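Novice: I would like the atomic coordinates for the input below:
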Amino acid sequence: MGSRWPHRRSVPSPRRRGRVTVELRPYQSEAVTAIVEGLADGGVGQLHAACGSGKSLMGQQSAMRLLPAGGRAAVIVPSLALVAQTIATWRALHPAGTGLDVLAVCSDDTVTDAPAHLPDIPAQVTTDPQIIADWLARPATGGIRLLVGTYHSANRLHKALHQTAATLDLLVLDEAHHLTGRPDFAIRRVTDPAFLPSVRRLYMTATPRVDAAAASRHGFLSMDDTMVFGPVLYTYPFGRGIAEGYLEDYRLYVVGVRESEARALLADKTREYVEGPGAPSLQTLVAQAALVRAAQKFGVRRVVSFHARVAHAAEFSRSLPGLSRRLAPDLPAPLSLVIHGEMSPQLREKVLDDLRVPPAGGWTVVANARLLGEGIDVPALDGALFAHPKSSAVDIVQGVGRTLRPHPDTPGLSTIIVPLIVPEQDGEIGDLDPGDYATLWQVVRALRAHDEPLGLALDEQRSKYSVSNPGLPSKITVELPQGSSQGIIEQVELLLVRQSTSPWWEGLGAATAYRETHGHLDIPSDHVTDDGRRLGTWIQNARSHRNRGWMPADRIAALDRIGMIWDPEWHRFATALGHARTYHETHGHLDVPQAYRTPDGYRLGTRINVLRRDYAKGLLAPDRIAALEQLGMTWNTRAQANEELIAQARAFHAAHGHLRVPTTHVTDDGYPLGNAIKSRRYRYAHGDVHADVVRALDELGMIWDIREARFADGLAACRRYLEQHGDLAVPVNHIDAEGYNLGDFIAYQRALVAGSVRDSAGRPRPLDPERRAALDELGMIWAAATPKRPPTDEELAALRAFPHQRGKPFADALLALVDEAGVEQKKLAKALDMTTSALSLRLKRAREGVHPADPFSQRFEAARTFHEHHGHLRPAETADDSDTRSLARWLSRQRRARQSGQLSDEQIAALNELGINWEPIGSRWQHSFQAASSFQQEHGHLQPPTGTVIDGVDLTVWLSRQRAAHQRGTLLPDRVAALNNLGIDWAPGRGISEARIDQTWRTRLNDARQYYAAHGHLRPPTRTTVNGRRLDAWLSVQRARNRQGRLTPEQTAALDALGFHW
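Specialist: The predicted model follows:
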């Protein structure tokens, strides 16, 4: 602030002037003291005080204590009326025997119905900068020198100050809310300290306007900007004034008049209140009826009605007495007057005098339009009627403020009256919002903005909206005509709460409900409530607004009360640390397995590994490192894992004499040695195994290339067969004495040579020339002697006749078909819904004389193997691999068997451990369509980025196939219609809006941010999905787009911030 206030250091000491005879109320004394202490050495500050609390008095008394002898003060106000009132107030309060030299800097605003004009100002008036400069340069006489001007004339004062190089001792900017938002430049520059140089600045208002978010985003002025407006030195709100008895409390009386009743009154031409062309409007009649009911119910005596136009006010005043006599014959007709700017000051004062002193036993109503606001000394009222909508909340609060001033003749609550037209039918109320109900909404919004208890009560009701119907605060009474349905009453109350509060409080209600259900507020960013509210996004926005200083203190407090997590990263660490302590207490160490979950489902193993990666990258704070090391955290787990692997490998070698460990092998103590060996082979192929580990495993006969080892085994079996039979005419499915399936090996080598084995890209996989040469050296027969055939229907029927397809007779029948009848093993397995490997195992055991009685165990082992390789148990029936298709069909049979009660509890439990989905998925196409529908519902379009995977479906590939089928005319009509309902673009790439592309890109960027937050890097493995979308594929596309120059600088910067490797 110092740089904006260069005059703060050489400030003359303020001194008391004369004898102050004004008796200040306690809060006024507090305010003056706070202002004097805050501005004693110069600077800027604010005074917020409710209407009717004596704001002008507090400002004047502060000036008397701050200004030195001969000090110069300026008060800037928004209107001529306030200029006149300010000068009159200062003169009335100025101590006797001291001088007060006053100059008014303003001009006539040329508005014919303005409440004041230049002749009303009791001082010299000018807008001539030279006259102002001469006045400023005139020698001081020892008294205070006071300049009072309007914001629109401030430029004249600016010129005079700069011409004379003068600096004001105090600048008071009254009704400072006129400076907020986006005011005209001529007014906005008043907030610049260099424009009107002054030692001290005091901004005063009863209606501060605060909008930090709009100020930040759009450059609006907001009174919470302390660099411009300074700190709030003192606040005296409505609520405190009412509580202390200096302001009357109030009630908001919402009076409903049925539309049919109002129209009947309007059509009654026999009455004096309906007269020809000047007859009152429907809105006026409703307002008058509401006022009469308030007078009957509460006995109001001094009422001002507010109207949008002078003509409306005149019409209201003229016809009110007649309508009052019609509706309330026992009530004295009111003295009904009108006041407007074209009246002479004497006539206006006469009207206000009649308002001050109503007729004996009667009541007075003054109708006005745009007059009884800022700068008009209105007597204390006990009622205010808002007959027409008012666009300014400040005007409404100013009007309400007139009713809060106590009057000895009418103590008690003041009454604020808002009329309401009630429809005839329940369903019509929605059509009246906001038009016919605009007045009600505006009044309630204005009141809540300046009456904190009312605002809190309304917000509390809004927060209940998502779980129950809101009620109304006690200050608000809604009185509808007799016979109004409960539906209309509830809708009015609901609309009143919703129209006067922010939807933010509904979000708080949803967050509260989530907290009550789940016990915390660690809400996923994509969480959506049952009623469609994006609660996860709402929580993220709340954190962002608080961090940017946009969130009011009451909302921060409300979230704190329900346990808001402001720093989710710290919360995640604290949660992990708590689970780690529990694990350490139970196990005595922190070597948590990767797949370990706590009893409540927390993935502690995964989280510990993320923390280790953060530590390795230097991203873990020292205090967090210390907390984990106290629990015995091991940071270098690879060395520890290598030691355990070597020890387990040595034990296996000692027991079996080799290190050819099956992939599924687990030691007695639970160590997955098979998977560990497989993992080291993969890392060895990529140069990622330490030399000491390689040497240790080599000593045990480690086979690093398992494919080469398998070929060597096959070649050795060929040599054994050649020595025994003299050739390599090996029967299909031949298994030698050592249990090696030489028939399958020979068949696979022949398939490689024939080009029928293909890789994942669909290209033929050839036989390595060196391997072919080794086989040729043994006399390999590349053409099979007898082609195999598929089983006949009769043969299959005979096999299926065996109970449960097991036992020795069934095995013998299989052997006869394969070894003697020349049936192709692969086709037989498919016909029997078995995997090829399962049938080979059955034949091998049959040849060895082993006949398993439980085929479920065989199939379950295949399911377990699939789960270990893929991480799920959702094999596709349309997969290229026959084993996968067969497994999918077997799982379908298990689902049906479970439904019919044919599966045992042990079998169900075993499949549950593998995560089986017991509900049938349905057709492959329908499953893929459901994935596309989910994407469209979330994103609003059907243009998924490349690599988007949902529920195992690659949407971009699937949609391309549907478009191709549609172009060929082979897509079924019902499928075409279903895709059209989702908005599919049959010719993608044409007409996609930039906004949609940007939205999709931002969605994928959020995926990347989530991954980075969880893993500490942006190098996801192949086929990594986040929120059902392929992250690794999307990142590859970004690299390609960057090379092509198709990424914007903002997109590049966003990825750079995540440490993305281009």
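Novice: quick one, phi/psi of D668?
Specialist: The phi and psi values for D668, taken as degrees, to the nearest 10, are phi -60, psi -30.
Novice: neighbours around it, how many?
Specialist: Neighbour count for D668, taken as other CB atoms under 10 Å: 6. C-beta here means a position set from N, CA and C on the backbone, and glycine is covered the same way.
Novice: low-confidence ranges in the stretch 701-850 of the chain?
Specialist: With pLDDT under 70 as the threshold, the stretch 701-850 of the chain has low-confidence stretches at 784-787, 803-807, 850.
Novice: Helix, strand or coil: sort out L252 for me.
Specialist: Here L252 is strand, with the state taken from DSSP: H, G, I helix; E, B strand; the rest coil.
Novice: my guess is it contacts V418, does it?
Specialist: Yes - with contact defined as CB atoms under 8 Å, L252 reaches V418; the gap is 6.9 Å.
Novice: Settle it for me: which of those two has more neighbours?
Specialist: V418 (24 against 21).
Novice: hang on, that one in a helix?
Specialist: No - applying three-state DSSP, one finds V418 to be strand, outside a helix.
Novice: So it versus V286, what's the distance?
Specialist: Note on V418: its distance to V286, by CB to CB, to the nearest Å, is 10 Å.
Novice: next one: W925
Specialist: 62 Å.
Novice: repeat for G362
Specialist: From G362 across to V286, the span is 23 Å (CB to CB).
Novice: residue ranges of the strands in the stretch 151-300 of the chain, please?
Specialist: Using DSSP state E, counting those that start in this stretch, the strands found in the stretch 151-300 of the chain span residues 170-173, 200-205, 232-236, 250-258.
Novice: which other helices and strands contact the second one?
Specialist: The criterion is 3 or more CB pairs under 8 Å, 6 or more residues apart in numbering; DSSP states H and E, and the helices and strands that strand 200-205 contacts are helix 26-39, strand 43-49, helix 55-66, strand 170-173.
Novice: Next: the last one.
Specialist: Packed against strand 250-258 by the contact rule (3+ CB pairs under 8 Å, 6+ apart) you find helix 282-298, strand 414-422, helix 438-450, strand 476-479, helix 486-499.
Novice: mind redoing it with 6 Å?
Specialist: Judged by 3 or more CB pairs under 6 Å, 6 or more residues apart in numbering; DSSP states H and E, strand 250-258 is in contact with helix 282-298, strand 414-422, strand 476-479.
Novice: pull the CA atoms of the longest one into CSV?
Specialist: Right, the one you point to is helix 282-298. The C-alpha coordinates for helix 282-298 follow below in CSV (Å, rounded to 0.1, in the frame of the first residue of the first chain):
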residue,chain,number,x,y,z
LEU,A,282,-53.6,-4.9,-12.5
GLN,A,283,-50.1,-4.7,-10.8
THR,A,284,-51.1,-1.4,-9.1
LEU,A,285,-54.4,-3.0,-7.7
VAL,A,286,-52.5,-6.0,-6.4
ALA,A,287,-50.0,-3.7,-4.7
GLN,A,288,-52.7,-1.6,-3.2
ALA,A,289,-54.6,-4.7,-1.9
ALA,A,290,-51.4,-6.0,-0.3
LEU,A,291,-50.8,-2.6,1.4
VAL,A,292,-54.4,-2.5,2.8
ARG,A,293,-54.0,-6.0,4.2
ALA,A,294,-50.7,-5.0,5.9
ALA,A,295,-52.4,-2.0,7.4
GLN,A,296,-55.2,-4.2,8.8
LYS,A,297,-52.8,-6.8,10.1
PHE,A,298,-49.9,-4.7,11.5
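Novice: next SSE after it?
Specialist: Moving toward the C-terminus from helix 282-298, the next helix or strand (DSSP states H and E) is strand 302-306.
Novice: Okay, angle between that following strand and helix 282-298 too, please.
Specialist: 160 degrees (axes from the mean of the first three to the mean of the last three CA atoms, to 10 degrees).
Novice: Check which residues of the following helix or strand past strand 302-306 are buried.
Specialist: Downstream of strand 302-306, the first helix or strand assigned by DSSP H and E is helix 310-327. Of the residues in helix 310-327, 310, 312-327 count as buried by neighbour count, 16 or more other CB atoms under 10 Å.
Novice: Would you tell me which of the strands of the stretch 151-300 of the chain gets closest to A932?
Specialist: strand 250-258 (50.6 Å; CB to CB).
Novice: For that closest one, which outside residues touch it?
Specialist: For strand 250-258, the surrounding residues in contact (CB atoms under 6 Å, 6 or more residues apart in numbering) are 286, 289-290, 293-294, 413-420, 422, 475-481.
Novice: Also stretch 862-881?
Specialist: With contacts defined as CB under 6 Å, 6+ apart, stretch 862-881 is touched by 835, 884-885, 887-888, 914-916, 924, 952.
Novice: Figure out which of the helices and strands packed on strand 250-258 is closest to V105.
Specialist: Judging these by CB to CB, what sits closest to V105 is strand 414-422, at 36.6 Å.
Novice: The closest one vs strand 250-258, what angle?
Specialist: Using the same axes, to 10 degrees: strand 414-422 against strand 250-258 is 20 degrees.
Novice: Can you point out the buried residues in strand 414-422?
Specialist: 414-422.
Novice: now the farthest one out in the protein, which residue is it?
Specialist: G726 (77.9 Å; CA atoms, centre = their mean).
Novice: Tell me how far it lies from A751.
Specialist: For G726, the distance to A751 - CB to CB - is 25 Å.
Novice: can you count the residues close to P193?
Specialist: Counted with other CB under 10 Å, residues neighbouring P193 total 17.
Novice: before we move on, what about S62?
Specialist: By other CB under 10 Å, neighbour count at S62 equals 28.
Novice: Leaving out the residues flanking it, which one is nearest to it?
Specialist: Residue nearest to S62 in three dimensions, not counting chain neighbours: I35, with 4.1 Å by CB to CB, 6 or more residues apart in numbering.
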